[in-house]
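Trainee: Show me the folded form of this:
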Amino acid sequence: METFLREPGRKGKPALGFWCGISHPLVAEALAAAGPDYVCVDMQHGANTASSLVSMLQAVVAGGSAPIVRVPSLDPAAIMLALDSGARGVIVPLIESAEQAATAVAACRYPPYGNRSFGPFRASLQAGSSDPRELEKVACIVMIETRAGIENMEAIIATEGVTAAYVGPSDLSLALGLAPGSIDDPAFVDVRDRIVAACARHGVVAGMHCASGEQARAAVAQGFGMATVAGDLALVRQAVAAELGAARGASMA
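Mentor: Residues are numbered from 1 along each chain as shown. Next comes the predicted model:
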């Protein structure tokens, strides 16, 4: 079920996705229908809640993409809820040590490999199976975005069961004493390249959160195998501003 990131048929093609913070199924379905590999339902900084989670994941599947969830924190209960609801992977923020990474992995896997409790109320419907070994084939994606995370990146990425290491540019920039999103600063570039290299050494997918298609293309060229192209609210604001500007320009002509 994590094949949207690592299936053999991808042949090195990156997984490209969208970020969904607007808590409405129609928005999620529209993003998914555009044809990305995944749509991430954001429960950390978006408007999504536990009560809207199932409908959001259903909408992503209806649109034809793989649904994943960024959980609010390293909380095994939140991870299990996302997976039981049908997410094909979780993005776990603010991971700062190998021990924390292992906690995230354990919440994604059933015993004897982890401590995920069995209750896949919707996941079994989506997977077409109640076999724990099938249900636990989900992506465990950890975010490296703090000073401690930078210092421990090698151990975090080397943690058994981690599928991908995902870079949050805003928090990572802040951790480096930079303005949010300072992706071209030499200090940021150095850490970025070290994360990509560590992922390559350990067979882990490197992921990057981007703000535009151009940034995502650049991230792929830099070695990232997973790139979020943009977020829904930012896309709406950009499109609205562009169309309003075009209208005002036309009226002034």
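
Trainee: give me the number of residues near residue 206?
Mentor: 25 (other Cβ atoms under 10 Å). From N, CA and C alone the C-beta is placed, and that goes for glycine too.

Trainee: all helices of this structure, in order?
Mentor: 3-6, 25-33, 50-63, 76-84, 98-108, 123-127, 132-135, 147-151, 153-158, 169-175, 186-202, 213-221, 232-252 (DSSP state H).

Trainee: Distance to residue 40 for the ones you listed - can I get that in a markdown table?
Mentor: Formatted as a markdown table, the helices of the chain follow (distance: least, Cβ to Cβ, whole Å):
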| stretch | distance to residue 40 |
| --- | --- |
| helix 3-6 | 11 |
| helix 25-33 | 10 |
| helix 50-63 | 9 |
| helix 76-84 | 11 |
| helix 98-108 | 16 |
| helix 123-127 | 16 |
| helix 132-135 | 20 |
| helix 147-151 | 19 |
| helix 153-158 | 20 |
| helix 169-175 | 15 |
| helix 186-202 | 19 |
| helix 213-221 | 13 |
| helix 232-252 | 10 |
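
Trainee: Please produce CSV containing these, extended by mean pLDDT and mean neighbour count.
Mentor: Shown next, in CSV, are these (pLDDT from 0 to 100; neighbours: other Cβ atoms under 10 Å):
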stretch, mean pLDDT, mean neighbour count
helix 3-6, 73, 18
helix 25-33, 98, 20
helix 50-63, 98, 19
helix 76-84, 98, 21
helix 98-108, 98, 21
helix 123-127, 92, 17
helix 132-135, 94, 15
helix 147-151, 98, 17
helix 153-158, 98, 20
helix 169-175, 97, 20
helix 186-202, 98, 16
helix 213-221, 97, 16
helix 232-252, 89, 11
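
Trainee: What pLDDT is listed against the residue nearest the centre of the chain?
Mentor: Centroid-nearest residue in the chain: residue 91, 4.9 Å away (criterion: Cα atoms, centre = their mean). Reading off the per-residue confidence, residue 91 sits at a pLDDT of 98.
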